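> Here you go, sequence then predicted model.
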Amino acid sequence: MLQQEKDGHQSVGSHPVDTSGKTGQEVTCFGRQDADMTSATSLFPQPTLISVNGVELEVFEAGRENAGNPIVLCHGWPEHAFSWRHQVPALAAAGYHVIVPNQRGYGNSSRPAEVTEYDIEHLSGDLVALLDHYGYEDATFVGHDWGAMVVWGLTLLHPDRVNKVINLSLPYQERGEKPWIEVMEEVLGSDFYFVHFNRQPGVADAVFDENTFQFLRNLYRKNEPLRAPQPLIDLATAETPLGEPVMSDSELAVFVAAFASTGFTGSLNWYRNLDRNWHLLADANPIIQQPTLMIYGDRDLVAKSERLTDFVPNADVVNLDCGHWIQQEKPEETNQAILEWLNLPRD
């Protein structure tokens, strides 16, 4: 949970916020904020802390005048609601009530101590409770990276709460005969970052916490030269970044400030539930019937699915000429793909 202060206020970055018995209160900052960050955040909505599902989520909204037409944007790792900054105004202008949470473990949202509180039941439960908070039966959900994994899981566990799916980078993950981490360890080895985060808890957390700026600066790159795969943890100590920056210094400062405040453990705990999620999804119908848009980056290292429509029969696919950080690398193209697909006539 957020750190509680003696006088009934909570510390949100460097600003105290009154939370004594209130929910949905306005929060006027992202976390630590300085002049460099102000220009990057000035057009992004101000957040609200909302109590749902036993936690508090920091939620950014736009297009409240479009109540009744919700779209929920779910960030990935190591990201922040701010990663959707290019999509929020376009979707609001197109008539959507845009809801962008920092999911548990991120930003000023709660960070439970128990690892199991980051499994797919909790993460999808947060989104269901968020719909309940706004009085919505269902919504269109958009996910990138780990956010896409959550949206896939949400749609499997709570299909009646999802009317359309839009996912970026990470396609539907088939549930095979063995838990996912076991398979990754057999095929990709113990140094693969998914496996490392699970088998050596705390190690990556400490390295990322110690080198937050360097890690995020080196990670958020595009047009990188081809090279042999390297352990993700090595990015945190690499002195020279490759390729080009995905975002401006002021935009990067938002992400750096957020993780400098929270650390990385909460977000890494999502990875530490992957095998637990495999078990939790055992009884779910594996076929997703909702209309779905899958957006890939042609230079993304995440593999495309060759069997997507076996499990998502109503899926349309768009490929963009970019790497992993799709909506930040190609914001206009991403917006166009999403809006054109949302406007397609359906029975």
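Alright, I've got the coordinates. Numbering: from 1, shown residues only.
> alpha carbons only for contacts and neighbour counts from here, please
Will do.
> Tell me which stretches of the stretch 151-300 of the chain form strands.
For the stretch 151-300 of the chain, the strands defined by DSSP state E, counting those that start in this stretch cover 162-168, 221-222, 244-245, 292-297.
> Note down every partner strand of the second one and its orientation.
Same thing as strand 221-222. strand 244-245 (antiparallel) (DSSP bridges).
> Point out the most buried one among the strands of the stretch 151-300 of the chain.
When the strands of the stretch 151-300 of the chain are scored by mean count of other Cα atoms under 10 Å, the highest mean neighbour count falls to strand 292-297 (a mean of 24).
> Just want the angle from that one to strand 162-168.
10 degrees (axes from the mean of the first three to the mean of the last three Cα atoms, to 10 degrees).
> quick one, what contacts Phe197?
By Cα atoms under 8 Å, 6 or more residues apart in numbering, the contact list for Phe197 reads 203-204, 268, 271-272.
> start to end distance for stretch 82-101?
10 Å (Cα to Cα, to the nearest Å).
> Same question for stretch 131-150.
Using Cα to Cα, first and last residues of stretch 131-150 are 15 Å apart.
> average pLDDT for that stretch?
Averaged over stretch 131-150, pLDDT sits at 98.
> quick one: that stretch to chain centroid distance?
11 Å (Cα atoms, centre = their mean, to the nearest Å).
> Please apply the same query to stretch 163-175.
13 Å.
> Same check on stretch 94-109?
Distance, centroid of stretch 94-109 to centroid of chain: 9 Å (Cα atoms, centre = their mean).
> i'd like the first residue to be 53 from this point on
New numbering, starting at 53: the last item is stretch 146-161.
> Would you mark the buried spots in that stretch?
Of the residues in stretch 146-161, 147-161 count as buried by neighbour count, 16 or more other Cα atoms under 10 Å.
> What of stretch 186-204?
188, 190-204.
> Ok, stretch 260-278 next?
So for stretch 260-278, counting by 16+ other Cα under 10 Å, buried means 260-261, 263-274.
> Same question for stretch 168-182.
168-182.
> Residues contacting that stretch, please?
104-105, 155-156, 202-203, 205-206, 209-210, 213, 318, 321-322, 325-326, 328-329, 332.
> Spell out the residue ranges of the helices in the stretch 203-352 of the chain.
232-240, 245-251, 255-262, 264-271, 301-314, 317-320, 326-332 (DSSP state H, counting those that start in this stretch).
> Quick one: closest of these to Glu385.
Between Glu385 and the helices of the stretch 203-352 of the chain, the shortest gap by Cα to Cα is with helix 301-314, which sits at 19.6 Å.
> The closest one packs against which elements?
helix 87-93, helix 264-271 (3 or more Cα pairs under 8 Å, 6 or more residues apart in numbering; DSSP states H and E).
> Pick out the shakiest of these, pLDDT-wise.
helix 87-93 (a mean of 54).
> Can you name the next helix or strand after that helix?
Toward the C-terminal end, the helix or strand that comes next after helix 87-93 (DSSP states H and E) is strand 99-104.
> what pLDDT, on average, does that next one get?
In the prediction, strand 99-104 has an average pLDDT of 97.
> Listing partners with orientation, what would you give for it?
By DSSP bridges, strand 99-104 pairs with strand 77-78 (antiparallel), strand 107-114 (antiparallel).
> Show me the contact partners of the last one.
Right, strand 107-114. 53, 97-103, 133, 140-141, 144, 149-156, 159-162.
> hang on, the earlier thing: which among the strands of the stretch 203-352 of the chain is found nearest to Ile378?
strand 344-349 (6.2 Å).
> Could you please name the strands that closest one pairs with and the direction of each pair?
Counting by DSSP bridges, strand 344-349 is paired with strand 214-220 (parallel), strand 367-372 (parallel).
> For the ones you listed, give me CSV that also has mean pLDDT and distance to Thr93.
Shown next, in CSV, are those (pLDDT from 0 to 100; distance: least, Cα to Cα, whole Å):
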stretch, mean pLDDT, distance to Thr93
strand 214-220, 98, 23
strand 367-372, 98, 26
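> now these as TSV including distance to Ser313?
Below are the strands paired with strand 344-349 laid out as TSV (distance: least, Cα to Cα, whole Å):
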stretch	distance to Ser313
strand 214-220	27
strand 367-372	34
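> before we move on, the earlier item: quick one: buried ones out of the contacts of Phe249?
256, 320, 323-324.
> burial measure for Asp335, as a count.
Number of residues near Asp335 (other Cα atoms under 10 Å) recorded here: 9.
> what about it, distance to His127?
Distance from Asp335 to His127, by Cα to Cα: 26 Å.
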